[in-house]
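Undergrad: Got a predicted model here, sequence first, then my questions.
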Amino acid sequence: MHAWLCETLDGAEALQWKEWPTPEPKPGEVRIAIRAASLNFPDLLIVRGQYQAKPPLPFVPGAEFAGVVEAVGEGVTHLKPGDAVAALAGTGGFATHACVDASRVLPLPPGFALEDGAAFAFTYGTSHHALIDRGQLKAGETVLVLGAAGGVGTAALQIAKAAGARVIAAASSDEKCALCRLLGADETLNYTTGDVRAVLKAMTGGKGPDVVYDPVGGDLAEPVFRSLAWRGRYLVIGFAQGTIPALPWNLALLKGTSVVGVFWGEFIRREPAAFAAAMRQLMQWYAQGLVKPVIDRRLPMAELQAAYARMGSRQVMGKLLLVNA
């Protein structure tokens, strides 16, 4: 097998594509022949030592991937060789093969494309947990999605529409806003131009959005937080802009608003039954055509560093896929 090895925490440029012994599954594990893996923002951080999970060196990055089960370890009864699966392993995806704890492997139903499986659970799972569980989104409410053209953003936009919400999609360019309109956004907002608060006020008739989905953070957070509706919910997903905002707490008091943390990885660990129910609903929505990953680029697995460079320059719309021939 071949794999991208992270041997130092010097970023994507230091990764090495190397031949590596093909592993045998231990008890409770399965070996997957990887067809596709997606690049997520935590993959950018983990090779710099900036993510909350810090695997020992050397490791193979790549949190999310899909492929076909090749072999199963002792005690694995719900998976068998030949099964199409997606994996949320945290690491191991940027390779041709990986051994994964079977509890972190999701069987894909018939008709679920492997490439979509590699780009689905992380972003759609996060966005469903954020909007439906933590945000308690109701049909008819207005959702503002920041970073709406990115991986989690496009997933959040589709999920909000599937739940019957009105969606304002905010992105950093007119091109990204155009993509959001194609995905069904009711309104779009280029937050690099104009007064964000004034635009949101006009788009909502002075009320403000009921729910804000924020994977961006940074200096956009305060003006958006000030724009929330009465009893609005501000969902903290991540900080792609690079800085963690500090908000005046009196703003929450004045409008009865809530700042709601979203930690999907911990949700999976602590509430596996709720996670499984959410994934069942998402797969039903996929079968109905209500949600489908937006693929920005498909690159050969050997071109992983080019994918990292594209993500680092904030050019990505949707998800980047690395594929094995």
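TA: Sure thing, it's come through. Residues are numbered from 1 along each chain as shown.
Undergrad: what residues are up against Ala169?
TA: 145, 148-149, 153, 157, 177, 180-181, 183, 185, 187-189 (C-beta atoms under 8 Å, 6 or more residues apart in numbering). For the C-beta atoms, the positions are set from N, CA and C on the backbone; glycine is no exception.
Undergrad: Go ahead and confirm His97 touches Glu70.
TA: Yes. The pair His97 and Glu70 qualifies as a contact (C-beta atoms under 8 Å) at a distance of 7.2 Å.
Undergrad: Pull the distance from the longest helix along the chain to the chain's centre.
TA: Longest helix in the chain, counting residues (DSSP state H): helix 272-287. Helix 272-287 sits 15 Å away from the centroid of its parent chain (C-alpha atoms, centre = their mean, to the nearest Å).
Undergrad: can you list the residues that contact it?
TA: 106, 109, 111-112, 116, 120-121, 124-125, 128-129, 132-133, 159, 162, 267-268, 291-292.
Undergrad: Try it again at 7 Å.
TA: The contact list for helix 272-287 (C-beta atoms under 7 Å, 6 or more residues apart in numbering) reads 106, 109, 111-112, 121, 124-125, 128-129, 162, 267-268, 291-292.
Undergrad: Neighbouring strands - and their directions - for the helix or strand that that helix is followed by?
TA: Next in sequence after helix 272-287, counting helices and strands by DSSP states H and E, comes strand 295-300. Under the criterion DSSP bridges, strand 295-300 sits next to strand 319-323 (parallel) in its sheet.
Undergrad: Average pLDDT for the partner strand, rounded please.
TA: Strand 319-323 shows a mean pLDDT of 96.
Undergrad: Keeping just the C-alphas, turn it into PDB.
TA: This file holds the C-alpha atoms of strand 319-323, laid out as PDB (Å, rounded to 0.1, in the frame of the first residue of the first chain):
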ATOM      1  CA  LYS A 319     -15.600  19.400  -0.800                       C
ATOM      2  CA  LEU A 320     -12.200  18.400  -2.200                       C
ATOM      3  CA  LEU A 321     -11.900  14.700  -3.000                       C
ATOM      4  CA  LEU A 322      -8.700  12.500  -3.300                       C
ATOM      5  CA  VAL A 323      -9.300   9.400  -5.300                       C
END
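Undergrad: So which bits of that strand are buried?
TA: For strand 319-323, the neighbour count (16 or more other C-beta atoms under 10 Å) marks 319-323 as buried.
Undergrad: What of stretch 168-185?
TA: Buried residues in stretch 168-185 (16+ other C-beta under 10 Å): 168-173, 176-177, 179-180, 183, 185.
Undergrad: and those residues as CSV, adding secondary structure and distance to Gly82?
TA: Converted to CSV, the buried residues of stretch 168-185 look like this (DSSP: H, G, I helix; E, B strand; the rest coil; distance: C-beta to C-beta, whole Å):
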residue, secondary structure, distance to Gly82
Ile168, strand, 44
Ala169, strand, 40
Ala170, strand, 43
Ala171, strand, 41
Ser172, coil, 43
Ser173, coil, 43
Lys176, helix, 39
Cys177, helix, 43
Leu179, helix, 36
Cys180, helix, 38
Leu183, coil, 34
Ala185, coil, 40
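Undergrad: Counting residues, which strand of the chain comes out longest?
TA: Longest strand in the chain by number of residues (criterion: DSSP state E): strand 29-39.
Undergrad: Could you list the alpha-carbon positions for whichever helix or strand comes after that strand in CSV?
TA: Per DSSP H and E, strand 29-39 leads on to helix 41-46 as the next helix or strand towards the C-terminus. Below are the C-alpha coordinates for helix 41-46, written out as CSV (Å, rounded to 0.1, in the frame of the first residue of the first chain):
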residue,chain,number,x,y,z
PHE,A,41,-10.5,21.8,7.6
PRO,A,42,-9.3,19.8,10.6
ASP,A,43,-7.0,17.9,8.2
LEU,A,44,-5.3,21.2,7.6
LEU,A,45,-4.8,21.8,11.4
ILE,A,46,-3.8,18.3,12.4
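Undergrad: separation between the closest residue to Gln158 other than its chain neighbours and Val316?
TA: Nearest non-adjacent residue to Gln158, counting by C-beta to C-beta, 6 or more residues apart in numbering: Val291, 4.5 Å away. Note on Val291: its distance to Val316, by C-beta to C-beta, to the nearest Å, is 19 Å.
Undergrad: Those two: who's more crowded?
TA: Val291 (26 against 20; other C-beta atoms under 10 Å).
Undergrad: residue ranges with poor pLDDT in the stretch 201-325 of the chain?
TA: Along the stretch 201-325 of the chain, no part satisfies pLDDT under 70.
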